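Q: Predicted model and sequence follow; I will ask about them next.
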Amino acid sequence: QVQTAASLWDAYSGLLSNQAMILAMNSSFVDPLLQYETQLKIVELSFKMAFAIPSLDKVKEIGKNEDDQEDLENLYRTILNIFEDTLLILVSKDLYKLQILKEMAVWMSEDNLYMQERAMVIISRVLSFASRKVKGCTSVDVPCLGVLAAELSLLCSHADPSITQQASLGMYHLLCIAKCQNADIAKNKSTKYDKPGSHCFLPSPSDIEFLPKILQRDKSKIAQSVGQTLLPRLLTDFVWSLLMKLSAPDQTTASEAATILKLTLEYYAHKVTMVSKIVDVIYKQLCGNASPILKQVMLRVITLLTRTSPKKVIFQLMDYPVPADNTLMLMWQAAGSESSVAPLVLKTILLILKGKPGTTEERKTERRHFSLDTTNMMPVAASQALCTLLPIGSYKKAVAQFFPQLLMALMLQLYYTSNLRLMTEDRTFYARDALRVLLNCSGLQQVDIALKRKNCWNQFSQALFHHHGVYLVAKTLSDYNFPQFPDTLHHLYKLSVEGPRRPEDNVITIIFLTELLNNFFKDPFPEEFLVLFRNWVNDSDPAVSKLSLQKIASMAPVINEIENVCSLLIAILDAFLSQDKTVVIRALMTLRRLLGKLDKVTYSSLCTRIACSYCSLMDHSNGGIRSMAIRHFGELLRDMSQYTWMLNDVVFGGLVPLILFLEDTEARVVKACKYTLEICASELKWATSYLLKDEHYSFELVVLNICNNLLISHQKYVIDLIADTLGFLRSSRTYLRRGSVILIGYLAKLGGHLLLRDEIQVMLESIDPVLGDEDPVIREFAKITNKIFMETAHRLTSSNIKQSFRRLFNLIYIKKLKPLYNYNLPKDLTGSPMGIKETKNDKEAITDNNYEDVLVKNKDVSVKNARFTSALEHTSEEE
């Protein structure tokens with residue numbers, strides 16, 4: 001008895017001392033956080049003093065008489081009142097310190113020896129005081145309401161009715177505080193948005209009604225009241241606290257927490273934030289030794305969160321290592337059981353499937369939604385998730401809705417993963433498996449069986465097979481007339497118009513789209529799709545360009561049925577400028593195939609532009625392109641033989657490379673030059689074809705013959721040809737320098753009378769570096785050519801009248817030359833039709849037209865002079 005009385009006095013004195021310290025801190029300028037932590041420790045000591053004393057009945061027993069009992073009872077009540085007053089002082093100063101009440105609920109549950117009923121009375125009274133206090137406050141901020149509400153909600157179902165009563169009363173006051181806090185926020189929001197056309201849709205606090213009695217043991221009412229009243233961040237604290245209680249050693253507490261948690265999320269999951277963190281905690285708890293009941297509750301939480309926040313849940317479920325373990329598979333199934341959000345779940349997965357596995361995600365300012373590992377493996381996880389989600393019956397409608405998107409997304413993932421060589425002995429090819437599941441869930445089982453029969457699925461892991469695999473999938477789908485064709489075609493068109501996220505995506509799209517169009521449309525394709533192929537011709541990805549050109553080439557038989565055929569041909573001509581030689585070759589082949597079927601009217605309207613494009617490729621660094629461009633140029637001249645007058649300028653514009661590349665080191669180029677020069681000679685009525693035969697061929701004799709013919713019939717092009725030839729004098733290729741020295745020598749010898757002094761000076765400056773060429777043959781030929789230039793310059797006169805008469809004389813009397821360089825001449829020239837001896841054309845009378853040309857020549861010569869200057873800066877393309 002003496003000991004009990006002493007403990008009462010010790011508690012009394014200790015509480016007074018602690019209260020004094022707390023009051024002193026309240027009046028000081030200590031850091032708020034440090035102040036709270038210190039006061040919390042003191043309150044905890046006071047709590048243990050106040051509630052460790054014996055019950056009131058035991059205290060009365062030690063009294064010897066009624067007066068003693070009354071004194072002891074007063075002391076007892078004074079002790080509790082001091083503790084309560086201390087709390088009231090703290091809360092009156094700062095509502096944030098209601099957090100101490102939450103700690104009290106934890107302390108009282110830790111030890112049953114504490115007077116729990118009396119502690120609940122104090123908690124209830126303090127909350128009652130706080131609820132009255134907030135009514136007069138202009139601003140209410142009580143961040144601990146959610147956590148405290150979780151503790152009180154569990155106590156509302158306590159086995160002790162008195163504790164239940166006090167807990168429900170405390171919950172009532174807490175909700176009143178929350179109502180005031182909501183009203184304060186609603187007021188601020190309405191003030192902020194109090195503008196014309198602005199509306200605040202926050203519910204009015206007066207719409208929320210609750211009574212203490214209905215909160216007793218009625219978990220549904222508790223969940224409804226809390227979910228409706230608390231703000232999202234506070235409700236999140238409430239849910240989080242209950243989630244932590246699920247793993248409590250006390251099964252009763254865990255069961256109560258599970259029930260309230262499910263009821264709350266059933267209706268108010270949409271208000272919960274930190275969904276990803278909650279999902280992560282559930283995953284970790286499920287990976288532990290969770291009981292079957294606990295697992296069931298947690299998976300139900302996943303389902304409820306997926307209902308309102310599918311994107312957050314799905315992204316978090318992707319944040320775990322691949323392949324997914326059994327726990328993660330259970331969570332996937334739980335997420336998939338909510339059929340109402342199946343479209344949103346698939347949309348989220350499609351968003352993830354846009355990523356490329358194995359790439360590094362660089363996010364400096366944006367907060368990451370997934371793991372700290374910068375290697376993005378989420379698309380692989382998404383593919384595995386589809387293997388689980390697609391077969392779910394409730395997803396059937398959503399799968400049908402998103403079939404085209406899923407199909408193409410998985411085709412791209414097949415490409416990415418096969419390139420990464422993700423196949424190992426212990427890792428399944430999830431993109432392939434998901435694609436097979438998609439086919440089977442979409443009523444396309446026969447397609448899956450047919451592809452398996454073709455061994456398509458087993459070969460998809462090989463990167464080199466993938467493009468053919470895409471073709472097989474598209475063709476097999478078409479063969480079985482899959483009903484999703486219209487939607488798939490629409491999606492492919494949309495992808496093509498919007499453009500791919502990555503260049504390689506376009507290749508898969510083109511292969512798939514082309515095969516579908518081939519099977520469901522006759523050539524030519526509808527204009528909408530032709531535009532796509534035309535745009536793809538000049539895509540930055542060479543593979544895309546070649547695929548497009550290949551398909552356009554197949555339309556040759558129906559080329560005249562295409563409405564905008566000219567724009568299509570121009571797009572192909574633009575592909576000649578590609579840096580990728582395989583694209584240029586494919587463009588040349590495609591154009592030639594189309595021109596073979598093109599009607600002459602359209603052909604003639606573009607022939608000049610096409611011929612110029614061929615000329616630009618004649619000195620390409622690639623021999624295959626040179627030979628094709630030269631040969632196709634000749635075929636164009638043959639096709640357009642009736643329009644030769646339109647092509648004269650272009651023919652002579654390409655004549656210099658045609659002549660010089662006769663000396664090319666590649667036989668195919670030489671053969672192409674001879675072929676095209678024969679056509680040119682035929683069209684121009686020149687007797688050159690005989691010299692182009694292998695048994696009579698001599699480069700110098702061909703040059704001499706062509707120059708003689710030029711002087712006879714086409715003198716006006718001589719200056720232009722000289723300017724073109726000057727550009728090849730600086731070529732890095734020996735045979736071009738040698739040929740250009742010979743050609744320009746003959747042009748100057750035969751056409752010297754057409755040149756002006758300034759033009760000769762430019763030619764002398766151009767030949768000067770060649771005099772020191774590393775090749776001895778070129779050096780010797782350059783000396784001969786330089787001598788010709790000097791002689792031509794010497795014959796020039798400053799008198800315009802004398803110069804005009806000299807030109808007129810050379811037009812009347814044209815003397816054919818003999819070889820000047822003796823370069824690889826045939827031993828027997830007697831059978832040659834060369835102009836070594838005079839023929840009937842040796843002397844040609846001047847006609848009226850020729851005379852007019854002479855007069856015009858004097859006016860145009862200054863224009864020609866500009867080409868000489870630019871030729872000095874021109875260098876042919878390096879091999």
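A: Arrived safely, thanks for sending.
Q: which residues touch the closest residue in space to S247 that isn't next to it in sequence?
A: Once flanking residues are discounted, S247 sits nearest to Q285: 6.0 Å by Cβ to Cβ, 6 or more residues apart in numbering. All C-beta spots, glycine's among them, are computed from the backbone N, C-alpha and C. Q285 is in contact with 246-247, 294, 298, counting by Cβ atoms under 8 Å, 6 or more residues apart in numbering.
Q: average model confidence for the helix or strand hosting Q285?
A: Using DSSP states H and E, Q285 sits in helix 275-287. Averaged over helix 275-287, pLDDT sits at 92.
Q: ok and the helix or strand that comes right after that helix relative to helix 275-287, angle-wise?
A: Counting by DSSP H and E, the next helix or strand C-terminal to helix 275-287 is helix 292-308. Put simply, helix 292-308 runs at 160 degrees to helix 275-287, going by axes from the mean of the first three to the mean of the last three Cα atoms, to 10 degrees.
Q: Can you mark which positions in helix 292-308 are buried?
A: 294-295, 297-308 (16 or more other Cβ atoms under 10 Å).
Q: Following element in sequence after that helix, please.
A: helix 310-317.
Q: export whatever helix or strand comes next after that following helix as PDB, just CAs?
A: Using DSSP H and E, the helix or strand that follows helix 310-317 in sequence is helix 326-336. Presented in PDB, the C-alpha positions along helix 326-336 are these (Å, rounded to 0.1, in the frame of the first residue of the first chain):
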ATOM      1  CA  ASN A 326       5.500 -16.500 -59.400                       C
ATOM      2  CA  THR A 327       4.600 -13.600 -57.100                       C
ATOM      3  CA  LEU A 328       4.600 -11.100 -59.900                       C
ATOM      4  CA  MET A 329       2.500 -13.400 -62.000                       C
ATOM      5  CA  LEU A 330      -0.100 -13.500 -59.300                       C
ATOM      6  CA  MET A 331      -0.100  -9.700 -59.200                       C
ATOM      7  CA  TRP A 332      -0.600  -9.700 -63.000                       C
ATOM      8  CA  GLN A 333      -3.500 -12.000 -62.700                       C
ATOM      9  CA  ALA A 334      -5.000  -9.800 -59.900                       C
ATOM     10  CA  ALA A 335      -4.600  -6.700 -62.100                       C
ATOM     11  CA  GLY A 336      -6.100  -8.500 -65.100                       C
END
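Q: Give me the helices and strands touching helix 326-336, please.
A: Helices and strands touching helix 326-336, by 3 or more Cβ pairs under 8 Å, 6 or more residues apart in numbering; DSSP states H and E, are helix 275-287, helix 292-308, helix 310-317, helix 342-353, helix 378-389.
Q: if we go to 6 Å?
A: If you count contacts as 3 or more Cβ pairs under 6 Å, 6 or more residues apart in numbering; DSSP states H and E, helix 326-336 packs onto helix 292-308, helix 378-389.
Q: Report the buried residues of stretch 757-774.
A: So, applying 16+ other Cβ under 10 Å, buried residues of stretch 757-774: 759-760, 762-763, 766-767, 770, 773.
Q: Of these, just say which sits nearest to A324.
A: Checking the buried residues of stretch 757-774 against A324 with Cβ to Cβ, the nearest one is D773 at 71.7 Å.
Q: what's the spacing between I706 and N786?
A: Distance of I706 to N786, computed by Cβ to Cβ, to the nearest Å: 22 Å.
Q: oh sorry, the question was meant for D523
A: Separation of D523 from N786 (Cβ to Cβ) stands at 59 Å.
Q: residue ranges with poor pLDDT in the stretch 401-550 of the chain?
A: Applying pLDDT under 70 to the stretch 401-550 of the chain flags the ranges 419-428, 463, 500.
Q: got it, and the stretch 751-879 of the chain?
A: Those would be 797-816, 827-879, if you go by pLDDT under 70 across the stretch 751-879 of the chain.
Q: try 80 this time
A: 753, 795-818, 826-879 (pLDDT under 80).
Q: who's more crowded, D523 and N786?
A: N786 (18 against 15; other Cβ atoms under 10 Å).
Q: pretty sure that one contacts I767?
A: Yes: applying Cβ atoms under 6 Å, one finds N786 in contact with I767, separated by 5.1 Å.
Q: on that earlier part again, pull out the buried residues from the helix holding Q285.
A: 275-276, 278-279, 281-283, 285-286.
Q: same question, stretch 334-346
A: 334-339, 341-346.
Q: Check stretch 28-36 too.
A: Buried residues in stretch 28-36 (16+ other Cβ under 10 Å): 35-36.
Q: And the contacts of that stretch?
A: Outside stretch 28-36, the residues that touch it by Cβ atoms under 6 Å, 6 or more residues apart in numbering are M25.
Q: Endpoint to endpoint, that stretch covers what distance?
A: Length of stretch 28-36, first residue to last, Cα to Cα, to the nearest Å: 12 Å.
Q: Which stretches in the stretch 501-650 of the chain count as helices?
A: Along the stretch 501-650 of the chain, counting by DSSP state H, counting those that start in this stretch, helices occupy 503-520, 527-536, 542-554, 565-574, 581-595, 600-617, 623-639, 644-653.
Q: What are the contacting residues of the helix or strand that the last one is followed by?
A: Secondary structure here is assigned by DSSP H and E; on that basis, the next helix or strand after helix 644-653 toward the C-terminus is helix 655-660. When contacts are taken as Cβ under 6 Å, 6+ apart, the neighbours of helix 655-660 outside the stretch itself are 618-619, 673, 676-677, 721, 724-725, 728, 736, 739-740, 743.
Q: what do you get if the cut-off is 8 Å, keeping everything else the same?
A: By Cβ under 8 Å, 6+ apart, the list of residues contacting helix 655-660 reads 615, 618-619, 630, 633, 673, 676-677, 680, 702-703, 706, 717, 721, 724-725, 728, 735-736, 739-740, 743.
Q: May I have the secondary structure class of the residue lying closest to G634 once chain neighbours are set aside?
A: Ranked by Cβ to Cβ, 6+ apart and with sequence neighbours excluded, the top spatial neighbour of G634 is T676, at 3.1 Å. Following DSSP: H, G, I helix; E, B strand; the rest coil, T676 is assigned to helix.
Q: surely T676 meets R631?
A: Yes: between T676 and R631 there is a contact at 6.4 Å, judged by Cβ atoms under 8 Å.
Q: Quick check on the two: which one has the bigger neighbour count.
A: Per other Cβ under 10 Å, whichever of T676 and R631 has more neighbours is T676, with 28 against 21.
Q: quick revisit: now the buried residues of helix 275-287 in TSV, with distance to R132?
A: Compiled in TSV, these are given as follows (distance: Cβ to Cβ, whole Å):
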residue	distance to R132
V275	36
S276	39
I278	35
V279	40
V281	37
I282	39
Y283	44
Q285	40
L286	44
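Q: Closest to L692 out of those residues?
A: S276 (78.3 Å).
Q: Compare the helices of the stretch 501-650 of the chain and give me the one nearest R436.
A: helix 503-520 (17.1 Å).
Q: buried stuff in the closest one?
A: For helix 503-520, using 16+ other Cβ under 10 Å, the buried residues are 504-518.
Q: go on, stretch 389-401?
A: Counting neighbours by 16+ other Cβ under 10 Å, stretch 389-401 gives 389-390, 392, 395-396, 398-399, 401 as buried.
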